[in-house]
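A.B. asks: just to be clear, the model below is a prediction. Sequence and coordinates:
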There are 2 protein chains.
Amino acid sequence: MNKPTVINIGLCGLGTVGQGVWKHIERSLPELKARFGVKLELYRAAVKDPKKPRSVEIPASKLTTDALAVATDPHVHIVCELIGGTTLARDVTLAALKAGKIVVSANKALLCEHGVEIFAAAKKHGGHFLFEASVAGGIPIIKALREGLIANRFTLIYGILNGTCNYILTRMVKEGAPYAEILADAKRLGYAEADEALDVQGWDAAHKASILAYLAHGVWVKTDQMIVDGISRITQTDLKMAAQLGYCIKLLAVITRDFATNEISVRVHPTLLPKDAVLANVNSVFNAISVTGDVVGTTTYIGRGAGQDATASAVISDIADAITLLTAGKAVVACAPSENQLRGGAEAPKLAPLGHIRSRYYLRMTVKDEPGVLAQIATITAESSVSIATVIQMAAERPDAASLILTTHQSDERAIRHTLTDIAKLDCVLEPPLLLRIGDFQE
Amino acid sequence: MNKPTVINIGLCGLGTVGQGVWKHIERSLPELKARFGVKLELYRAAVKDPKKPRSVEIPASKLTTDALAVATDPHVHIVCELIGGTTLARDVTLAALKAGKIVVSANKALLCEHGVEIFAAAKKHGGHFLFEASVAGGIPIIKALREGLIANRFTLIYGILNGTCNYILTRMVKEGAPYAEILADAKRLGYAEADEALDVQGWDAAHKASILAYLAHGVWVKTDQMIVDGISRITQTDLKMAAQLGYCIKLLAVITRDFATNEISVRVHPTLLPKDAVLANVNSVFNAISVTGDVVGTTTYIGRGAGQDATASAVISDIADAITLLTAGKAVVACAPSENQLRGGAEAPKLAPLGHIRSRYYLRMTVKDEPGVLAQIATITAESSVSIATVIQMAAERPDAASLILTTHQSDERAIRHTLTDIAKLDCVLEPPLLLRIGDFQE
C-alpha cells in the first residue's frame, strides 16, 4: 500500500458525538498535520437529514444521506461509525472493513453483539476496528489495557461504567430523596434516557464489561452469561445502612480471572464499596476503573464517561492511531489476544460456575414485625452454609413491617441464591429480599 | 527494512528494574509471540559484574560487561537502557540510536538533561526513544498524554510524582511523628535513598514534571526554570492546620498552560489540596496524575510510582510498542510535538513570568510572642497587595514563640516573594517563613 499524502475521514452519523468529532478535528487540523506529517481532511458525512440545523457548519457538498457510500468510498481512509444501534451501523462497519478501511466506533452494543464477526472481517480484509470510545468515554482505558499494561495478566478489573447510575446514586446520597424522584429529575435534565432500563438495570455497564473482558482475556462473555443487577430497588435505607457499616453503594462491573483455575467471571451489580476506596469517592457522571495486573499492581483511571466532548476525545485518539497505521505502511497494532492466538500460548479461560464466585453479601428483607422471624431466616442461611456476620433490625419504610438487614461472611453465588429463594418463600417475608454484594476486593 | 522474524532484546544494566524486566518478559514470551506473531528473544545483557548473584537465572553466555557492544550489536533490535545516571547511559543511548535501534529507557535524569540531543539523534538515524517508565512507574501516563488524549490541549496537569515524599507525608499524618523521625525510618526500610535530597527537595518530581511538560507542550523546561520546593520543612503544625482548614498536604508537580497568553508554568511544591480531591486520598508510595484537557475534561490516573515490577510493566509496554514499530515496517508513532513541528501549527509556548503564576498561599511564621507582631506583618502583606484570608495564632513548637499562620486570597508568586523577603527581615520573625501553595485548581 502506498503511504497516502492526504488522509480522508468519512463520518457516518452526525449526532451529538459526530458533531463533536467534526468540531474538534476541524480545530486541530494544523496540529494533527504537524504531528503526523500528513494532511487530514474531513471528507464526507452521512446523515439522515442534510437540512437539519447542526452546531457545526458543514458545506452541503460534503453531506450525503448514503452512509454505505461513505463507508465504501475509495477516497475515504477512515470511517467513523457514529450511527448507533446494530442494524445500519453493522452494515456500514462490515462494508468498510471489507473494503480494507479502518473503522472507528463508539458503538458498544454493536461490538458486543457482533464483535466476533467484526474482528473476523477486519482480519480477512486487512481492515482495522478501533473502539476506544465504546467504554468509559474520554478515559483511555482500551489503550491502557491492550498496550500500556500489556505485561500484565489481569486478575481483577472493576469499575463504575455507567454515568447515569452513578449520577442517580450520588444524588440519592446527597439529597436523601427516593430513587423514583431522582430518576424522574434525571430524565428531565437529560442525564437519563426516556427509557431508562438499559442504564438502571445494568445492561449498558454489562456491554462495557463484556468489551473490557474481551480486551483483558480474549473471550466474549455474553450479557446472559453474566450476573447483571440494576439499581432500581436501592432505597434510602440501604444507603444509610451501608454508610453505617462504613460503605457507599456504587453500581460496579467486576471482571475476575483466577489464573490457577483459569476461570473468569463477569458481573454487574450494586456493590458496597469501603468508603476510603478511591472509587467510592468518584461521583456524579464520572466513570472510574480499577485494574489489577500481576506485574503492575493496581492502577486506577477516572474521567467523564460520556458526553459529546469526552467521547469525541476518544474517537479522535482512535483516528490518530488510524493515521499511524496508514502512514506506517502495512501495520500491526497490539490487539487483544483472540482465542485462536491464545491457543498458541495460554489456554482460553472458562466461565466460573456460580459456586466459584465468592463475595460477602448484604441482604435486606422486609419482614412481618413479629417474634420468630430472625430464627426462621437464620435457619435457612445455616442450611445453605451462609454464615451471618451482622444483623440489624429497624422499622421498615412501610407500616407494620420491619427491615432486617444481614451481612454475611464470604459465601458464593450458588449458596446465596439458594438462601434467597428459600427466604422469599417464608410467610413472614413480605417482599423479595434485596441482595447487594460487598466489594472488599483483594487488589 | 525487512520485517524481522525474531526480535532480539539487549539489556544494558541488570539491577532491580533490569532483573524485573528479564523475569517478566521471560514468563510472557509465549503470549507476546501469540500477540505479535513474531518470536522475541532476551538476547544479551550487559552488567558490571557477571558473577554477582541475581534473582533471575541467565546463562553466562548471554552476559557481558560491555554495554556499548550490546547497544551496537547488529543482532539487537531493542536496547533497554537501565543503567541509570547520565554518563554511560548517555553513551549507550546515543550509540544505539545512531545505529537506528529502538531504545527503551526508564532514565528520567538522562531524558531531562539530554532530551534534545537524544530525540535529535533518534530522528537523524531513524531510531526511536521510548520512555514510559520514566514517569509514574506502572501508570501508562506517557501513552495517555501522547496518544489517548491527543485531541486535547492541556490546560492543567498536576500530580503526585514522588513516592518517597508521599510515603513520608502519609506516615507523618497517620503517626503524628516529626519529619526527621519518619525520614530516618523510611531510609532504614529502603523507601528513601541514603541521600534523600533528590526526593525530598523536589528534584526527582521536577525531572518528571519536565518530561510531562515536554509531552504536553513540546518544550523542555529546565528544573532551574521551575519553582521547586521540597517537604523537609513541613511540621506536624502544618499538617494539623491544613486539616483544620479542610486540606491535606501533598508534594505536587503542577504544569499549567494558558492558551490565551500561550504561557506555561512548571512547578513542584508542597500543596494544600482539598480533602475531597481524588489526589488527597492517594497515599503511601502511590503516584497519581490529574490531567485536564480542553476536550475530555479532567481524567485521573493512579498507581504505584516505582519498584521493580511497576517499572518493569512500563518498560515492557514500551518493548511491545517497539515490536509494533519493527513489525510494521517503516513506522511512525504519534510522538510529542517538537518545537519545530509546532511552528507549522501553533506557536511554541513561553514560560510565564512569576507575576502571572497565581495561587492562594499558606504562610507559617515563627514569631516573638509579643504585641504588635500581626500589625507589622499585615502592613507588609498590604504593601505587596497580598490580601489575607485567614489568620490563626497558636503556641509554637519552640518556647517563648508563637506560630502565626496566614492564608491569603489569590495572589501571585512575585507578590508573595516580596512579602516573604520583607517579613523575613522583621526582628519579631524568628525563622524564615514557610510558604505553601493552596491547590484549589480550576479543573
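C.D. replies: That came through fine.

A.B. asks: how about A:Val104, secondary structure?
C.D. replies: At A:Val104 the chain is in strand, as set by DSSP: H, G, I helix; E, B strand; the rest coil.

A.B. asks: and it, how close does it get to A:Glu81?
C.D. replies: 7 Å (CB to CB, to the nearest Å). In short, each C-beta sits where N, CA and C put it, glycine included.

A.B. asks: just A:Gly15 next, same as before
C.D. replies: Taking CB to CB as the criterion, A:Gly15 is separated from A:Glu81 by 12 Å.

A.B. asks: cool, A:Ala106 as well?
C.D. replies: From A:Ala106 over to A:Glu81 (counting by CB to CB), the distance is 8 Å.

A.B. asks: neighbour-wise, which of these two wins?
C.D. replies: Neighbour count, other CB atoms under 10 Å in any protein chain shown: between A:Ala106 and A:Glu81, A:Glu81 has more, with 30 against 27.

A.B. asks: so which bits of the stretch 51-200 of chain A are right by chain B?
C.D. replies: A:132, A:137-140, A:143-144, A:147-152 (CB under 8 Å from any CB of the partner chain).

A.B. asks: check those and tell me the two furthest apart.
C.D. replies: Set against one another by CB to CB, these have their most distant pair in A:Gly137 and A:Ala151, with a gap of 25.9 Å.

A.B. asks: quick one: the helices in chain A?
C.D. replies: Under the criterion DSSP state H, chain A contains helices at A:16-36, A:67-72, A:88-98, A:108-125, A:141-143, A:163-175, A:179-189, A:197-200, A:203-217, A:236-244, A:308-327, A:339-344, A:373-383, A:413-425.

A.B. asks: where does pLDDT dip in the stretch 151-300 of chain A?
C.D. replies: The model of the stretch 151-300 of chain A has no residue with pLDDT under 70.

A.B. asks: report pLDDT for the closest residue to A:Gln244 other than its chain neighbours.
C.D. replies: Nearest non-adjacent residue to A:Gln244, counting by CB to CB, 6 or more residues apart in numbering or on different chains: A:Ile392, 7.9 Å away. What the model reports for A:Ile392 is a pLDDT of 94.

A.B. asks: and A:Ile392, what is it in contact with?
C.D. replies: By CB atoms under 8 Å, 6 or more residues apart in numbering or on different chains, the residues touching A:Ile392 are A:Met241, A:Gln244, A:Leu404, A:Ile405.

A.B. asks: buried subset of those, written for ChimeraX?
C.D. replies: This is how ChimeraX selects the buried members of those, with burial counted by 16 or more other CB atoms under 10 Å in any protein chain shown:
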select /A:241,404,405
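
A.B. asks: which of the contacts of A:Ile392 sit farthest apart?
C.D. replies: For these, the maximum inter-member distance is 14.7 Å, found between A:Gln244 and A:Leu404 (CB to CB).

A.B. asks: bridged to the closest residue to A:Val254 other than its chain neighbours, which residues?
C.D. replies: Nearest non-adjacent residue to A:Val254, counting by CB to CB, 6+ apart: A:Tyr158, 4.4 Å away. Judged by DSSP bridges, the bridge partners of A:Tyr158 are A:Val254, A:Ser290.

A.B. asks: who's sitting farthest from the centroid in chain A?
C.D. replies: A:Pro371 (44.4 Å; CA atoms, centre = their mean).

A.B. asks: what sits against that one?
C.D. replies: Taking CB under 8 Å, 6+ apart as the test, A:Pro371 contacts no residue whatsoever.

A.B. asks: state the distance from the residue nearest to A:Val254 to chain B.
C.D. replies: 14 Å (CB to the nearest CB, to the nearest Å).

A.B. asks: and what of A:Trp220?
C.D. replies: 18 Å.

A.B. asks: now swap in A:Lys51 and tell me
C.D. replies: The spacing between A:Lys51 and chain B, counted by CB to the nearest CB, is 28 Å.

A.B. asks: so how many other residues sit close to that residue?
C.D. replies: A:Lys51 sits with 8 neighbouring residues when counted by other CB under 10 Å.

A.B. asks: for it, list the residues it contacts.
C.D. replies: Taking CB under 8 Å, 6+ apart, one finds nothing in contact with A:Lys51.

A.B. asks: state the pLDDT value of it.
C.D. replies: In this model, A:Lys51 carries a pLDDT of 92.

A.B. asks: now A:Phe441
C.D. replies: We have a pLDDT of 85 for A:Phe441.

A.B. asks: contacts only, for A:Ile316.
C.D. replies: A:Ile316 neighbours (CB under 8 Å, 6+ apart): A:Val21, A:His24, A:Ile25, A:Ser28, B:Ile150, B:Ala151, B:Val295.

A.B. asks: now render these as a markdown table, adding neighbour count and distance to A:Asn166.
C.D. replies: Formatted as a markdown table, the contacts of A:Ile316 follow (neighbours: other CB atoms under 10 Å in any protein chain shown; distance: CB to CB, whole Å):
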| residue | neighbour count | distance to A:Asn166 |
| --- | --- | --- |
| A:Val21 | 32 | 25 |
| A:His24 | 21 | 25 |
| A:Ile25 | 21 | 29 |
| A:Ser28 | 23 | 30 |
| B:Ile150 | 26 | 27 |
| B:Ala151 | 28 | 24 |
| B:Val295 | 23 | 21 |
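
A.B. asks: wait, which of those is closest to B:His77?
C.D. replies: Distance to B:His77, by CB to CB, is smallest for B:Ile150 among these, at 26.6 Å.

A.B. asks: how close does the closest one get to chain A?
C.D. replies: Applying CB to the nearest CB to B:Ile150 and chain A gives a distance of 5 Å.

A.B. asks: what sits closest to that residue if chain neighbours are left out?
C.D. replies: Going by CB to CB, 6+ apart, B:Ile150 has A:Ala320 as its nearest residue, at 4.6 Å.

A.B. asks: so where is the stretch 1-150 of chain A shaky, pLDDT-wise?
C.D. replies: A:1-2.

A.B. asks: surely A:Ala205 and A:His269 touch.
C.D. replies: No - look at A:Ala205 against A:His269 with CB atoms under 8 Å: they stay out of range, at 9.4 Å.

A.B. asks: looking at these two now, which is surrounded by more residues?
C.D. replies: More neighbours surround A:Ala205 than the other of A:Ala205 and A:His269, with 33 against 22 (other CB under 10 Å).

A.B. asks: partners of A:Met365 in the sheet?
C.D. replies: The residues listed as beta-bridge partners of A:Met365 by DSSP bridges are A:Leu404.

A.B. asks: if I look at it, how far off is chain B?
C.D. replies: A:Met365 is 34 Å from chain B, where distance means CB to the nearest CB.

A.B. asks: what's the neighbour count on that residue?
C.D. replies: By other CB under 10 Å, 27 other residues sit near A:Met365.
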